[in-house]
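Chemist: just to be clear, the model below is a prediction. Sequence and coordinates:
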Amino acid sequence: MAATSDGGSPSDQFAWAYTRVGGGWFIQCSGVSANLNVWHHIAVTRDSANTARIFIDGVLRGTATGTPAPTTTGAGVVYIGDAGDAGDEYFPGAR
């Protein structure tokens, strides 16, 4: 699965995002459609080797190497259940 950093993301997919040092977004999509009324376990990681991974229901669905450094200051560094490209797309869950 490809990772993008331009703020774009396919609709209806599980994805995660963070703000990058210097501005802009890193967004990683899963390639897996989000189903309504179905529970899923979603896990994301980014390691010291700058590799990001997204897992859906325990299955690795995307790997991105050479990911940009995240911003570590300020509010809203990592978003869960919110589309970075549209203020009206969100998962109304807890974060």
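Modeler: Looks like it came in fine.

Chemist: buried set for stretch 21-41?
Modeler: Buried residues in stretch 21-41, counted by 16 or more other CB atoms under 10 Å: W25, F26, I27, Q28, C29, S30, V32. To be clear about C-beta, it is placed using only N, CA and C from the backbone, and glycine gets the same treatment.

Chemist: just the ones of those residues in strands?
Modeler: Here DSSP state E is the test, and the buried residues of stretch 21-41 give W25, F26, I27, Q28, C29, S30, V32 as lying in strands.

Chemist: ok so, going back, quick one: which of the buried residues of stretch 21-41 is nearest F14?
Modeler: Of all these, F14 sits closest to S30, with 4.1 Å by CB to CB.

Chemist: pLDDT value on the closest one, please?
Modeler: Listed pLDDT for S30 reads 85.

Chemist: and what of the one 3 residues further on?
Modeler: Looking at S33, its pLDDT is 81.

Chemist: that one against I56, yeah?
Modeler: No: S33 sits out of contact with I56 when judged by CB atoms under 8 Å, with a separation of 10.0 Å.

Chemist: what separation is there between the closest residue to I56 other than its chain neighbours and G24?
Modeler: Nearest in space to I56, with sequence neighbours left out and distances taken as CB to CB, 6 or more residues apart in numbering, is V32 at 4.8 Å. Distance from V32 to G24, counting by CB to CB, to the nearest Å: 25 Å.

Chemist: just I56 next, same as before
Modeler: Counting by CB to CB, the gap between I56 and G24 amounts to 25 Å.
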